[in-house]
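> requesting a structural model of the entry that follows:
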Amino acid sequence: MTVTLQQLLVEGAEQLKQAEVPEAELDARYLLMEAFGLSASDFLLKRMEPMDCESGEIDGKAGKSAQAIAVYREMIEKRSRRIPLQYITGVQYFMGLEFFVDERVLIPRQDTEDLVELVLRENPGKETRVLDMCTGSGCIAVSLAALGGYEQVTAVDISDGAICVAQENAKRLNVSDQVRVVKSSLYEARTEILRSGGARYQVIVSNPPYIPTDVIKGLQPEVRDYEPSLALDGTADGLYFYRKLALDSREFLTPGGRIYLEIGYDQGGAVSSLLRDAGYTDIQVIKDTPGLDRIVKAGYKQDIGGSHV
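Down below sits the predicted model:
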C-alpha cells in the first residue's frame, strides 16, 4: 500500500479539524515536516511522491521510514487532545532563536519579543547587569545575552522545572557563561541574586503571571489544560506579582536603573499606579506590534535607603 505526504497531510488536518484545533492544516503540516525531517521546500518537492507504508521507500529509493508515518500519526493524536504544538515538537522560535520548551514552562509568545527588543534598544552596553524575574523557559534572559551580548544576566524562577529548562536553553544557545539561573520565590534568595559582589542591576525585566484566576478557566484548552498554572495565575485581580515587583525591585536596582514589565492589554493604568506609588519615575506604557498596551517601563532614582541620587 502506498501513500503520499499530501495524503498524510489531508488525513492529519481532517483529524485536527474534527478536534476543533485552530489552524488545523498549518499544524498538521508542521507535524508532518517534523516527523519526516523535511524543510518546507522538501515537502513541496516530495508531497506527491508515492511512499510505501511498510518499507518507507519513495519511488523505489530508500526514503523516510515507515516509522515516521507512525510518529506523525501519534503527533496528530496528541494535537487532537489539544496538547500545544510546541510541547509536541519541543521547539518554539523566539527572537529568531530556537528554544527548547516542554510542559514545565510557559510557551514564549511573540508579544514578549517587543519587551526584549525594547530592552535591547534602550540598553546597548554589554556591561549592563540584567535581572530577569519569573524567567520560565529563559527566553528573555537568554535572548538578551545572545543578542545584546550582556555579560551578566541573572534569571530567577521558583519552579525547579523552569530552572532546568532555562539552563538547558542557555547551554543550547551558548550563553551559559553569561546567564546565571537562580531558584527563588521572587526576591527571597536575596543573597544569591546579588551574589556578584553584592552588585545591583541596571535593568530588571519580567513577564510575570498576570492572568486573573477566574479568567484562566475560559482560556483555550491548550493554555488552560497544559501550560503551567504557576506561570499564568496572577491571583484574583492579576496584579499580585506587580505589587511585589514594584516594591521589592527597588532594593535590587542601581540608582537610575530601569524596570520593564510585560502586562496584560488592560493593565497599563493599574501597573503604572503601583510603580508610581512605589516611587518610580518616568513611567511609560508601551504598545506592542498589534497596538495593544503590552509593556510598562519606569526608572528608579533613589538608593535603597530612600535618598535621592
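
> quick one, phi/psi of Gly136?
phi 60, psi -120 (degrees, to the nearest 10).

> show me where the stretch 201-309 of the chain has its helices.
213-216, 221, 240-248, 268-277 (DSSP state H, counting those that start in this stretch).

> out of those helices, which gets nearest to Thr254?
Among those, the nearest to Thr254 by Cβ to Cβ is helix 240-248 (15.2 Å). Every residue, glycine included, has its C-beta placed from N, CA and C.

> so what secondary structure elements neighbour that closest one?
Under the contact definition 3 or more Cβ pairs under 8 Å, 6 or more residues apart in numbering; DSSP states H and E, helix 240-248 sits against strand 201-206, strand 253-262, helix 268-277.

> re the thing from before, so which of the helices of the stretch 201-309 of the chain is nearest Leu5?
helix 221 (28.2 Å).

> before we move on, back to that, quick one, which of the helices and strands packed on helix 240-248 is packed in tightest?
Of the helices and strands packed on helix 240-248, the one with the most neighbours on average (mean count of other Cβ atoms under 10 Å) is strand 201-206, at a mean of 24.

> send the alpha carbons of that one over as PDB?
Extracted as PDB, the C-alpha positions of strand 201-206 are listed here (Å, rounded to 0.1, in the frame of the first residue of the first chain):
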ATOM      1  CA  TYR A 201      21.200  45.700  38.400                       C
ATOM      2  CA  GLN A 202      20.800  48.500  35.800                       C
ATOM      3  CA  VAL A 203      17.900  46.600  34.300                       C
ATOM      4  CA  ILE A 204      15.200  44.500  35.800                       C
ATOM      5  CA  VAL A 205      12.800  42.800  33.300                       C
ATOM      6  CA  SER A 206       9.900  40.500  34.000                       C
END
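
> give me phi/psi at the residue lying closest to Leu5 once chain neighbours are set aside?
Nearest residue to Leu5 in three dimensions, chain neighbours excluded: Arg47, at 4.3 Å (Cβ to Cβ, 6 or more residues apart in numbering). Per-residue torsions, Arg47: phi -60, psi -20 (degrees, to the nearest 10).

> how close does Arg47 get to Gly279?
61 Å (Cβ to Cβ, to the nearest Å).

> likewise for Lys46?
To Gly279, Lys46 is 62 Å away according to Cβ to Cβ.

> cool, Pro124 as well?
Distance from Pro124 to Gly279, by Cβ to Cβ: 26 Å.

> then Gly257?
Gly257 is 13 Å from Gly279, by Cβ to Cβ.

> anything in contact with each of these two?
Counting by Cβ atoms under 8 Å, 6 or more residues apart in numbering, the contacts common to Gly257 and Gly279 are Tyr300.

> tell me which element the closest residue to Ser137 other than its chain neighbours is part of?
Nearest residue to Ser137, sequence neighbours excluded (Cβ to Cβ, 6+ apart): Val105, at 4.2 Å. Here Val105 sits in a region with no helix or strand, counting by DSSP states H and E.

> is the residue nearest the centre of the chain in a helix, a strand, or coil?
Computing the C-alpha centroid of the chain and ranking residues by Cα atoms, centre = their mean puts Pro108 first, at 2.0 Å. Three-state call for Pro108 (DSSP: H, G, I helix; E, B strand; the rest coil): coil.

> for it, give its distance to Thr135.
In terms of Cβ to Cβ, Pro108 sits 11 Å off from Thr135.

> repeat for Gly161
Using Cβ to Cβ, we find Gly161 at a distance of 12 Å from Thr135.

> tell me, how many residues neighbour Leu232?
19 (other Cβ atoms under 10 Å).

> now it: closest residue in space, sequence neighbours ignored.
Once flanking residues are discounted, Leu232 sits nearest to Ile211: 5.0 Å by Cβ to Cβ, 6+ apart.

> can you pull the contacts of Ser41?
Not one residue lies near Ser41 by Cβ under 8 Å, 6+ apart.

> and it, that's in a helix?
Yes. Membership of Ser41 in a helix is supported by three-state DSSP.

> still on that earlier bit, how about the contacts made by the residue nearest to Ser137?
Applying Cβ under 8 Å, 6+ apart to Val105 gives the contacts Gly136, Ser137, Ser159, Gly161, Ala162, Val165, Ala166, Pro228, Ala231.

> could you measure from the closest residue to the fourth one other than its chain neighbours over to Glu168?
Leaving aside its chain neighbours, Gly161 sits nearest to Arg104 (3.0 Å; criterion: Cβ to Cβ, 6+ apart). Going from Arg104 to Glu168 by Cβ to Cβ gives 10 Å.
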